[in-house]
Every structure is written in C-alpha cells, then in structure tokens.
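S.K.: build me a model:
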Amino acid sequence: MTTPTPAEQDEGLRPLLARIWRDYLSHHRGALFTSMLCAAAAGGLSALTLKLLEPAINGLFLQQQQPMKLWGLIDIAPGQALIVIPTAIVVVALVWTLASLGQAALVNRLGHGIVGDIQVRLFGAMIRADLARLRSQHSGSFVSSVLFDANLVREAFTNGVVNYTQHSLTLVAVIASMLFIDWQLTGIVLLGVPLITLVLRRFSKRTKKATTGAMKETEALSTALMENLDGVRLIKLENQEVHEEAAVGEVVARRQRHIIKSADSRAFAGPFSNLVAMIIVAAVMAYAGWRARDGEMSVGAFAAFIGLLMAAGQSLRQVTNLQTVMTEGLTAARRLFAALDIKPEIREAPDAAPLAEGPVAIALDRVSFAYGASAQGSVPTLSDVSLTVRPGETVALVGPSGGGKSTILSLLPRFYDVTAGAVTLNGRDIRDIRLHDLRAHIALVTQEPFLFDDTIAANIAYGRPGATQDAIEAAARAAAAHDFILALPEGYQTRVGEAGMRLSGGQRQRVAIARAFLKDAPVLLLDEATSALDTESEALVQAALERLMQGRATLMIAHRLSTVMNADRIHVIEAGRIVETGTHTSLIAEGGLYGRLAKQQSLDGTPPLATVV
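M.R.: This is a model prediction of the structure:
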C-alpha cells in the first residue's frame, strides 16, 4: 500500500475534502444532512437548557417579584415560574433526547456504510491490480488499509463531522446566549480564542505525524502475522518460535509507540484547552464579582453565564479531541486515495474485441520480456522466443530452473505484457482481445493448485458458478476425483479448509483438474502439474490430465521425463531462449542439453534425489 510523501500529505484540504464528499459522503447525503440537523438541534437545545438557569434561580430561589422572560421571548409572571420552568426543562430534554437518538442511529448507519464502501473499493483495487504490483507489495499492507485506515476515515467523517457540527453549534449557541446575558463578560471569554487555536494547531501536527507512523507499523504487523501463519511449519521445524515472537514483539512495540503518541496528543489537547478555559473562568468570576457589588448583575444571570461558560469549555474539549480525529481521518484518506489512484498497466484496449468460441491456436512471435521493464538495466527474462501450439497439440517447455518457462505461461492470460514481440490466439494479438474473453478461453493447473475455504462443489464450479450438480460430478469423474469425494463425510459439500489443507496433495490436484474440465477452455496451461506428487497420485493425475488435454491446445511445463515423452513438440529453454526444439526421440538423438537432462531423469537440471517426494 502506497504511503503518501510529506509533500502529498501537506497538499490543500479542499481537493481532498471534495473527493471524500464526491466518492463517499454524497452517496449518503440524506442520512448525513439529517444527522447534522439532529446534531444542530441537540447543540442548540443544550444552550437553551442552560439559559433557563437565570429565570430558575431568580424566580424559584430568590423569589424575584418582577415579571421575567423565558429565553428572552416568553413572559413569566412571578407565580408561574414554579410550573413553567420545570415544564420547559422537561420539554427541552425530551426534544434533545429524540435529536440525540436520531443522530446516533443515523451516524451508525452512515459510518458503517462508508466503511463498507471503502473496503469494497480497496478490495476491488487490489484484485484488479497488476500481478507485478501485487508481487512487489506484501498483502499485509492491503489488509491493514482495509481494516485500519478505513475505520479512521469512518470515525473522522461520520462521528467526527457530525459531533464536530454539534459541538461547534453548541459553542455558537452558548456564546450567543452569553452575549445576550452580558457582552462585556463574553468579550473577556473571546480573548482566549487565539491561544486555544494555537494549542489545537500544535497537537494537530503531532497527531498527523504519529498517525502516519502508526499506519506504517500496522502494515508491518499485518505482514509479520500473515508470514508467520503461512510459514508456521517451517518455524516449528526450525525451532524459531522464540525468534519470531521477539520479532513480532518489536513490531508491536514500534506500533504502540506511535499509537500512544497519537493518543497522548488527543488526550493532552483537552486538558491544555481546559487550562485556558479555567483561566478564563477565573477572570470572568473576578470581573462579574466586581460588577455584582454595584448591582449590575443578578445572581441568576451570573449562574447562567457560568453554566454556559462551563458548557462552552466542555464543547471546546470535544472539538479539540475531534480535531485530532479529523487529522487521523484525513491522513488515512490521503493514503487510501493514493492506493486507489494507481491504475493497472494491464488494461483492456478501448477497441478490444471478443474472441470467438471454438478451437484456439497459440503463437509467440519473437517475444521478449523483462520484469520491471520500465526500470533501467532490467535483465531480460525472455529473449526472442517463438513457438506455436495448434488445437489438439501438446507442447512441453523444459530446461534449467529460472530459464523463463513459467514466465511464458504468465504471458498468455496477460498477467504480464510482453516488452517486445507478440502473443497471439488464432492470429490475433491478445492485447486486442477483451480480457474477460481471453481468460475465459484459458484453463490453468499448477503444481500447488489453490482452493478456497469452501465446499468441494464450489471449488470445482469456481470458473463456472452456474454449473449444475450433474455437470460438477461429471467433471469430477473425468478428473478421477468422484470416488474420493464421495468417501468424505459430506461428499461434495465437504469444506476443504484454508487453501485446501484438509485434502492431500493428490486430491487437491484432482479437484483443480475437475475445475479445468468443467471450464472446458480450449487452451490448457499445465505448470509442473505432477511434479510434487507421489507415484500413486501421479498416475491418477497423469491419466486425468491426458483426458483433459484431448482436443485442446496444451502448453505444459514439466520436470519429469514421463510427463513430456509423448508431447508433440518439446522446447528446451535456457537463460530465456529456446535452444533446442523437437520430439523426445529426436532430442535424445541430438545429444544436446535435453539429452543430458534426460539422463539425469530431471528436466530442470536438479539432481535426481531432489525430485523425489
């Protein structure tokens, strides 16, 4: 996940806020505006309640005999205060409660709706990203953004915005009420605003820095956790539990330091603002007491003013805390948008056309490729490779490891694009074919097939979700998988576990072959599909593969001699180039690299014992 640079973090707020509104908040504008109205009502009613202190004290406790005004609007006779003021308090409290409940309910729905929007868009960006980018960045960074960053944005732009509105409006209403009571005292209060603004700005900078650090370390923690879960067998075998626990502990400690700094900034901003507020309260009391001696301020007015001032201090503390929440949300939003704005390099051409159904012929025409081709000095993985596979043919790629065989298979479905030359299907450059159509015509079976933690039936039907149970079972029979599936406790409804770990290697392979049978694609790619199996499983899988290859254009990578002996053509690839081409018999007769590898019984150049499983 891309982290914005300091320059990017300091960019103007207006474009960022406009995008947050356009991409997320505008989709929920009704709930947002209604919740803000509820917040405004709650804020205003808080000030109205406190304004009742003046007539309550003067009329109920000091037994003032002159008529009074409620909120400066409603006349109250001296004898009516005992009924009118408590009734007004109850009515205001009921309305305030309804407004607060409406605000809370709307904010919850709005907030979690926005989190869902962000998480779906992040997942979409991740799943559509170039394979090169996904391979260069650990998946832990995506996980941390989906879970951590999205919630920071939610907190800032739902609770943050609405509560900020409420407490800001409370401040405005309270200050207006204070001005109505005594403008001179209110002027003393407003003298503290510049100092409070300075405090807010200082803690906002600290929060931004701490939040950015916490995001980076959250990525590191997600990465460490996922790597350890993936490599738990090796960790246990090598007795490295203590080492890995210490390593994760260091990441946690670094993350905690940033989180604590952010929490401290949020927590300390309130007390500092409160200190300024208390100094103002002291000044107000001194000045009000001096004026009260001359009869210029009543006890009720002073009590109401102090109550309003304390409410202003409370709202100010909330605004201060929300300022740090908003800073965290803006920092997270910048990072999320930086990730969402990366456009895939593997894109469909505007004029891309569909690929007709039927047999497919494959051709690589003088293809060259280098990983990271945009970087200077990139070493070519493939150089001037040309080959063809006609419908019904099986073409094998063999040669030393690292020669570029798997890269050729990755170019066909456009996981990567060639840097020179062209890959064609039925004579058409695959870059001119719609991506959906291209990949719909290709089936892939690898050495370690991936299965989702779902039922066997769902895994077989993954490439064809609407397949019937009869079609699924027919594919499983063709893949020699039906019998072992029926022997499982829940048959085709048995869940295979994470990455299919509840099944053996041979069983996973046969489920993957059944998936390919059901897809019924005219192009079949086999990447060492039998090299990791024991002898019994290999025989079953090999027989299933031979049935699967019939009538299809098959391009395979194989390290076992038995797998390639019957291929129509064999290309020997070394250092990214095709160095030999022929059948098994002709290549043996030539006595070149293939002949030497065949004598070792290992077509990737590794010692024979290295291939025994």
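S.K.: what are the ranges of the strands in the stretch 51-200 of the chain?
M.R.: For the stretch 51-200 of the chain, the strands defined by DSSP state E, counting those that start in this stretch occupy 68-70, 74-76.
S.K.: going by mean pLDDT, which of those comes out lowest?
M.R.: Across the strands of the stretch 51-200 of the chain, strand 68-70 has the smallest mean pLDDT, namely a mean of 56.
S.K.: mind giving me the packing neighbours of the strand or helix carrying Asp384?
M.R.: For Asp384, the host element (DSSP states H and E) is strand 382-389. Helices and strands touching strand 382-389, by 3 or more C-beta pairs under 8 Å, 6 or more residues apart in numbering; DSSP states H and E, are strand 362-369, strand 394-398, helix 405-411, strand 420-425, strand 553-557, strand 569-574, strand 577-582. Bear in mind the C-beta positions are built from the backbone N, C-alpha and C, glycine included.
S.K.: what is the mean pLDDT for that strand?
M.R.: On average, strand 382-389 scores 94.
S.K.: check stretch 481-501 too.
M.R.: 88.
S.K.: list the buried ones in it?
M.R.: 481-482, 484-485, 488, 492, 494-496, 500 (16 or more other C-beta atoms under 10 Å).
S.K.: ok so, going back, which one of the helices and strands packed on strand 382-389 lies nearest to Leu451?
M.R.: helix 405-411 (19.8 Å; C-beta to C-beta).
S.K.: contact partners of that closest one?
M.R.: 131, 364, 367, 369, 381-382, 385, 397-399, 416-418, 423, 444, 525, 527, 555, 557, 573 (C-beta atoms under 8 Å, 6 or more residues apart in numbering).
S.K.: now the buried members of these.
M.R.: 364, 367, 369, 381-382, 385, 397-399, 416-418, 423, 444, 525, 527, 555, 557, 573.
S.K.: list the buried residues for the one helix or strand Lys208 maps to?
M.R.: Using DSSP H and E, the element containing Lys208 is helix 193-230. By neighbour count on 16+ other C-beta under 10 Å, the buried set for helix 193-230 is 196, 199-200, 203-204, 206-224, 227-228.
S.K.: for the stretch 401-550 of the chain, just list every one of the strands.
M.R.: 420-425, 428-429, 442-446, 523-527.
S.K.: now render the ones you listed as a markdown table, adding distance to Ala312.
M.R.: A markdown table is the format used below for the strands of the stretch 401-550 of the chain (distance: least, C-beta to C-beta, whole Å):
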| stretch | distance to Ala312 |
| --- | --- |
| strand 420-425 | 70 |
| strand 428-429 | 70 |
| strand 442-446 | 66 |
| strand 523-527 | 69 |
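S.K.: among those strands, which is nearest Gly392?
M.R.: strand 523-527 (10.9 Å).
S.K.: what angle separates the closest one from strand 362-369?
M.R.: Interaxial angle, strand 523-527 versus strand 362-369 (axes from the mean of the first three to the mean of the last three C-alpha atoms, to 10 degrees): 50 degrees.
S.K.: so what touches strand 523-527?
M.R.: 360, 362, 406, 409, 412-413, 425, 441-447, 516, 545, 548-549, 552-558.
S.K.: go with 7 Å
M.R.: By C-beta atoms under 7 Å, 6 or more residues apart in numbering, the surrounding residues in contact with strand 523-527 are 360, 362, 406, 409, 412, 441-447, 516, 545, 548-549, 552-557.
S.K.: and that strand, which strands flank it?
M.R.: Paired neighbours of strand 523-527 in the sheet (DSSP bridges): strand 442-446 (parallel), strand 553-557 (parallel).
S.K.: looking at these, which is nearest to Leu275?
M.R.: Comparing the strands paired with strand 523-527 by C-beta to C-beta, strand 442-446 comes nearest, at 64.8 Å.
S.K.: got the angle for the closest one vs strand 420-425?
M.R.: Using the same axes, to 10 degrees: strand 442-446 against strand 420-425 is 110 degrees.
S.K.: now strand 442-446: mean pLDDT?
M.R.: On average, strand 442-446 scores 90.
S.K.: same check, this time on stretch 289-300
M.R.: 70.
S.K.: on the pLDDT front, check Ala356 for me.
M.R.: On the pLDDT scale, Ala356 gets 87.
S.K.: what distance do you get for the closest residue in space to it that isn't next to it in sequence to Val395?
M.R.: Excluding its sequence neighbours, the residue lying closest to Ala356 (C-beta to C-beta, 6 or more residues apart in numbering) is Asn426, at 7.7 Å. Separation of Asn426 from Val395 (C-beta to C-beta, to the nearest Å): 16 Å.
S.K.: what's the first helix or strand after the lowest-mean-pLDDT helix or strand in the chain?
M.R.: Ranked by mean pLDDT, DSSP states H and E, the helix or strand of the chain with the weakest confidence is helix 6-9, at a mean of 44. Moving toward the C-terminus from helix 6-9, the next helix or strand (DSSP H and E) is helix 13-23.
S.K.: and that next one, what does it pack onto?
M.R.: Applying 3 or more C-beta pairs under 7 Å, 6 or more residues apart in numbering; DSSP states H and E, one finds that helix 13-23 contacts helix 299-340.
S.K.: now do Gly372 against Asp130, distance only.
M.R.: The value you get for Gly372 to Asp130, if C-beta to C-beta is used, is 12 Å.
S.K.: so between these two, which is more surrounded?
M.R.: Each of Gly372 and Asp130 has its neighbours counted (other C-beta atoms under 10 Å); Asp130 has more, 18 against 11.
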